[in-house]
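**Q** Make a model of this:
(4 chains)
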Number of protein chains: 4
Amino acid sequence: MQLGLVGLGKMGFNMRERVRRAGHEVIGYDRNPEVSDSESLADMVSKLEAPRVVWVMVPAGDITRNTVKELSELLEPGDLVIDGGNSKFTDDRIHADLLAEKEIGYLDAGVSGGVWGLDNGYALMVGGDAAHVEQAMPIFDALRPEGPREEGFAHAGKVGAGHYSKMVHNGIEYGLMQAYAEGFELLDKTDVVDNVPAVISAWQRGTVVRSWLLDLLVRALESDPELDDLRGYVEDSGEGRWTVEEGINNAVPLPVISAALFARFTSRQEDSPAMRAVAALRNQFGGHSVHLAGPSSGSGSTQG
Amino acid sequence: MQLGLVGLGKMGFNMRERVRRAGHEVIGYDRNPEVSDSESLADMVSKLEAPRVVWVMVPAGDITRNTVKELSELLEPGDLVIDGGNSKFTDDRIHADLLAEKEIGYLDAGVSGGVWGLDNGYALMVGGDAAHVEQAMPIFDALRPEGPREEGFAHAGKVGAGHYSKMVHNGIEYGLMQAYAEGFELLDKTDVVDNVPAVISAWQRGTVVRSWLLDLLVRALESDPELDDLRGYVEDSGEGRWTVEEGINNAVPLPVISAALFARFTSRQEDSPAMRAVAALRNQFGGHSVHLAGPSSGSGSTQG
Amino acid sequence: MQLGLVGLGKMGFNMRERVRRAGHEVIGYDRNPEVSDSESLADMVSKLEAPRVVWVMVPAGDITRNTVKELSELLEPGDLVIDGGNSKFTDDRIHADLLAEKEIGYLDAGVSGGVWGLDNGYALMVGGDAAHVEQAMPIFDALRPEGPREEGFAHAGKVGAGHYSKMVHNGIEYGLMQAYAEGFELLDKTDVVDNVPAVISAWQRGTVVRSWLLDLLVRALESDPELDDLRGYVEDSGEGRWTVEEGINNAVPLPVISAALFARFTSRQEDSPAMRAVAALRNQFGGHSVHLAGPSSGSGSTQG
Amino acid sequence: MQLGLVGLGKMGFNMRERVRRAGHEVIGYDRNPEVSDSESLADMVSKLEAPRVVWVMVPAGDITRNTVKELSELLEPGDLVIDGGNSKFTDDRIHADLLAEKEIGYLDAGVSGGVWGLDNGYALMVGGDAAHVEQAMPIFDALRPEGPREEGFAHAGKVGAGHYSKMVHNGIEYGLMQAYAEGFELLDKTDVVDNVPAVISAWQRGTVVRSWLLDLLVRALESDPELDDLRGYVEDSGEGRWTVEEGINNAVPLPVISAALFARFTSRQEDSPAMRAVAALRNQFGGHSVHLAGPSSGSGSTQG
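**A** Reported below is the predicted structural model:
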């Protein structure tokens, strides 16, 4: 079948290739003419036969919102728009309603796979009507990993469910990464264990903690055994924040995922205002010489 | 080669079978005569030719300590004892020293694999001298999973390093499980996602969060889609506690692993004394009718 | 001076009394005629001489929003509205803009003091223009505690700053209460300390942890030494949630305040879906008999 | 009465002064001859009439242990030793048993008050036999703050209960300080609130969060309104660590106190090995250009 694909960046570029490899025709559009198959959104739409399926793979937020709005003016009843970017699930209802006015269908698709997706496939979590899911299934089958469909694809629920599922996926991801990271730091710090990379490598088979992330950690340690080519400075994208906000909205305790998010915030601070306040308080009650300790006499302080 | 194996419980029983499948001779001893190959520790030792290798696979703590002590009286110079149980790493130096007085070697081995180890193999993290590791390598090769040795076996360092590595492995495991669990609860609670098991199943291929634990969660959801056949009551074994203690001893922050440990503590409480204190405090400053809220007039409270 | 006071519930009723004790005239309005001084908002407004100051002390959310809207239609240029409820700070800009169209002033006031405020006074954090703060200062002085003004009153900043400050105050309050609560539980659990109420009472003077909350905990323990008249079930009002959301919005790590919030969520759960997932995972990798431990043989599990 | 006082450092020096002000005779001993009243421990003991009370106020650990041992050889049946330092409660039973062999009594006293104790008094939590508590009561009354005895003094329980109570006190203190600190950072970060010191000052009267620590924070902000004369580098003494360890030993969840402890650990790291691991993992799955984001095309990454 035919697919219109808006956004040929790191993700979209590879996805076009994977869909083409599966035998489908893809007309891509990107503002960058070097990668684009069409001159404009309108041109892309004109090259597709109705009923059209158009996959939007551009940065979440205003760029996605504007793209969907523009498509609502270009497409026809019976066409289908799929937002595969990292949009917040609350945007999906708005997009679906906007398009429904024109009898255009809408699906939201959470996409996981990163730079490995071209070869490994992209796991897909989709929200929307069953009929729309059916309409796009050949594309989903082209994108998803080999193997049983249900192990790399889910129709998660109504509009929004795809991005919601992807959001939770990424929240979990934060927790998983932090768990490995804490274990790495403890192994790194102790002098009981001599060969940290060997230990982590040995967890790849047979252990409870084996995973794709663990394999990636082994890979990273192969080229940088102390992981000191990198600084411990970690960005966060929106999904971790949204996950914790949704935990709060639903009164679901998320101690691990929030701890992982906060560790990233802390990693980006030159100095912590909070810890300056703690230092100031200790100074206040413990005296100005709180950091000095005399070996011969009374304990420096009885407060912690 | 020959192996003496003390303890034929859930772990040891399967390990005997796996070592035998690899073509080695195993003389097992267990207090339960139905599974034992020998009548006593002494009998087991007498059936092995020197230099002997004896694997201890009994509960950590006094039972392991007593077994090692008894072996120190039964074995001869050149023999080797391997503690494969979940002993605390601080016991290992004591065992090694005790046995070294008799010129008996000692290795500590962290073993991961659980009930799946018989078929999948057991990942091994070993501490001790290289010569002792060499001596027992045929047994390690029999036990470890198929594939490259370094992906399921590590000589982690000196005596204690095997159990230390296993301790950290289990600490990580706590964090990983809690991360998945929090994500599950959020999906379960929201009404945006209809089909939680389908979403989690779809994470098995191509996603960042794919892992063996995720596969097990999918398995669990197949037979119990709401996970309500079980209560949310979770035991903890020693390793999670030791990991956090070692974090404290080494000034390594472990927010995720400790949160996972504390969640288990909380899961076992009928009622929380701490939360009774919070409730009592709110009652004190907010008034006895703090839980009542009148619809027509002033806000019930300006405190949280 | 004169004050119009909308909402004579638990907070407003006492505040009217305190302002009257300071010699001001208060015309209150409440939907409950038994406590109201006027028959309607319009009646209340008609009884005040311009320029009027009207204090709104009704539940946050739609009730406050509707009251402010109604006042915008009843008041005149030069009048002033103060929202003293627990509104979210994001509402304040909307209210201020709405009233500014009619040349009516607006202040947001965070009010702390609870049921003790009548006698102890109410601490006040106010946001808005300095001229409006000046206009209402006699009322602020009547409400705030005895002592230097700056120890119980702050002009925190522009519109919204009062409620923002109160929100952070309540977030801190969550953390403080949870810290005491955790200490209480540890004292309660250990058998080293015999007389927990005596220990906590002894912290009232001279210690680093002395505080009003501690005094209240002593009070609570006087009538209920084990705190077992209450269940460990703790509600949360909006401010704790908003504080964590603002932490996330500003990339400020809030491990303590979020932990306190999540402890409240957990306290209200009959059973934890997350911990059911952890239990299910342990069951999967450790075998169905994971809770059984045989005394005579191998360790039940090598996973945590 | 008479008191022997060993250790005239920051704490002991002031305590001697406070006990003397109450009319008692104090013979102090310190290795520093400039402050000492005696030439040696033996000399100090010889200057006291039996039955003697000797207060030990030296650094916890080996120095305290050695002092107690030396005193066990110098004192006589009926004498009493009080350890007022920050010893771990597990040392107390050992000290009590050692002294009991010589029929010398032992009390452990947790002391709070820091540099403010000379004038405000020292709160005391005491463990040991009632008869010994009675014997030393005049000294306790001299040291404790003015007011009812039970508000600044507790006989907490048997030997060890004093230090245990002090340990928990300090654990709570960690949580309280971190709660204020997080609130400070959020106020500091937002641009909604203009005058952070004014807001915190206004919390001193009438609020739920008022406390001595809050007063100290106000004091600190008076001389350093941004708290930028200090670095956010915070030491920790033993008590916070011991509190979390005891939480673990007793299966008491301590999310707030542990978070406060871990925040201190993090504050002392130049760079976090754990966060290097997270950064490395993101780099692995998101591609080398993960930090670059193109405005015109596809989303840079679909992982967090």
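
**Q** Report the secondary structure state of A:Asp108.
**A** strand (DSSP: H, G, I helix; E, B strand; the rest coil).

**Q** doesn't A:Val159 make contact with it?
**A** Yes - if you go by CB atoms under 8 Å, A:Asp108 and A:Val159 touch, sitting 6.3 Å apart. All C-beta spots, glycine's among them, are computed from the backbone N, C-alpha and C.

**Q** which residues are in contact with both of these two?
**A** Common contacts of A:Asp108 and A:Val159 (CB atoms under 8 Å, 6 or more residues apart in numbering or on different chains): A:Asp92, A:Gly127, A:Gly128.

**Q** just these now: which is nearest B:Asn170?
**A** Nearest to B:Asn170 among those is A:Gly127, at 36.9 Å by CB to CB.

**Q** Contact partners for the closest one?
**A** A:89, A:92, A:107-109, A:155-165, B:192.

**Q** which residue ranges form the strands in the stretch 51-200 of chain A?
**A** For the stretch 51-200 of chain A, strands defined by DSSP state E, counting those that start in this stretch occupy the ranges A:53-56, A:80-83, A:105-112, A:123-127, A:153-157.

**Q** of all these, which gets the most neighbours per residue?
**A** strand A:123-127 (a mean of 31; mean count of other CB atoms under 10 Å in any protein chain shown).

**Q** For that strand, which strands pair with it and how are they oriented?
**A** Applying DSSP bridges, strand A:123-127 is found paired with strand A:105-112 (antiparallel), strand A:153-157 (parallel).

**Q** Is stretch A:7-23 in proximity to chain D?
**A** Yes - using CB under 8 Å from any CB of the partner chain, stretch A:7-23 reaches chain D at A:Gly7, A:Leu8, A:Gly9, A:Lys10, A:Met11, A:Gly12, A:Phe13.

**Q** gap between the longest helix along chain A and the chain center?
**A** Looking across chain A with DSSP state H, the single longest helix is helix A:161-189. Averaged C-alpha coordinates place helix A:161-189 at 11 Å from its chain's average position (CA atoms, centre = their mean, to the nearest Å).

**Q** check whether it contacts chain D.
**A** Yes - using CB under 8 Å from any CB, helix A:161-189 reaches chain D at A:166, A:170-171, A:173-174, A:177-178, A:180-182, A:184-185, A:188-189.

**Q** Any part of that helix near chain B?
**A** Yes - Helix A:161-189 lies within reach of chain B by CB under 8 Å from any CB, at A:161, A:164-165, A:168-176, A:178-180, A:182-183, A:185-187, A:189.

**Q** Just send the shared contacts of A:Asp108 and A:Val159 back as TSV, with pLDDT too.
**A** Converted to TSV, the shared contacts of A:Asp108 and A:Val159 look like this (pLDDT from 0 to 100):
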residue	pLDDT
A:Asp92	98
A:Gly127	98
A:Gly128	98
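
**Q** Name the nearest of these relative to chain B.
**A** For the shared contacts of A:Asp108 and A:Val159, the closest approach to chain B (CB to the nearest CB) belongs to A:Gly127, at 7.7 Å.

**Q** how much space between the closest one and chain C?
**A** 21 Å (CB to the nearest CB, to the nearest Å).
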